[in-house]
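K.L.:
got a predicted structure here, sequence first:
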Amino acid sequence: MSSLTRLCKYQREITNADRKRMKTVFGLCDLDKDGYLSREDLKMAVVMLFGYKPSKSETDLLMGQELGISLERFVTLLVGKLLEEDPYIKTRQIFNTFDVHCRGFLRLEDFQAAFSRVAPRLPDRSVVEAFRHTDQDSDGHVSFKDFEAVVTYGQANS
């Protein structure tokens, strides 16, 4: 890691909202409501919290020798992962996912395509409204700067 990367590394703390989100996700993923997450429940929780399905080796590492993970263990395991998350990088990844044509900006069609995949029942007028809100200079293009401003505002107010 370069010295510049180390200087720019985002330092964050776990907030009450983070803990509440982890507790909520745990409750949603504890399908049999026994107070423990099974291997499959844990995978689902990681998807909900971090947006990706953990590999077999990562799941093995998280589960250890346990048959189930309690809420306390779940929070302990995932707090570190949450602290490592860099909001800038995560926002850049989301932007790049929307920007399937690699133009460096998003058009309304990019928003519509992305939302049709992740929220197919969302009315088109809501997608258009989200695009207009994000397109701060109303030029029909959403730059990364525009996108980041909206996402950062949403994170600050959650």
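P.N.:
That came in fine, so what should we check first?

K.L.:
now the helix or strand containing I89: average pLDDT?
P.N.:
Taking DSSP states H and E as the definition, I89 sits inside helix 87-98. What helix 87-98 shows for mean pLDDT is 82.

K.L.:
who does the helix or strand that that helix is followed by pair up with?
P.N.:
Next along the chain after helix 87-98, taking DSSP H and E as the criterion, comes strand 105-106. For strand 105-106, the paired strands and their directions (DSSP bridges) are strand 142-143 (antiparallel).

K.L.:
skip the chain neighbours and tell me the closest residue to A149.
P.N.:
Excluding the flanking residues, the one nearest A149 by CB to CB, 6 or more residues apart in numbering is Q136, at 6.9 Å. Backbone N, C-alpha and C define where each C-beta goes, glycine included.

K.L.:
close enough to count as contact, that neighbour and D146?
P.N.:
Yes: using CB atoms under 8 Å, Q136 is in contact with D146, at 4.9 Å.

K.L.:
neighbour-wise, which of these two wins?
P.N.:
Using other CB atoms under 10 Å as the criterion, Q136 and D146 rank with D146 on top: 19 against 14.

K.L.:
mind listing what K81 touches?
P.N.:
Contact analysis of K81 by CB atoms under 8 Å, 6 or more residues apart in numbering lists F50.

K.L.:
what helix or strand does it sit in?
P.N.:
Per DSSP H and E: K81 is located in helix 71-84.

K.L.:
run the chain-centre distance for that helix.
P.N.:
The chain centre lies 15 Å from the centre of helix 71-84; the measure is CA atoms, centre = their mean, to the nearest Å.

K.L.:
same check, this time on stretch 61-74
P.N.:
22 Å.

K.L.:
now do stretch 72-91
P.N.:
10 Å.

K.L.:
buried set for that stretch?
P.N.:
Buried residues in stretch 72-91, defined by neighbour count with 16 or more other CB atoms under 10 Å: 73-75, 77-78, 82, 91.
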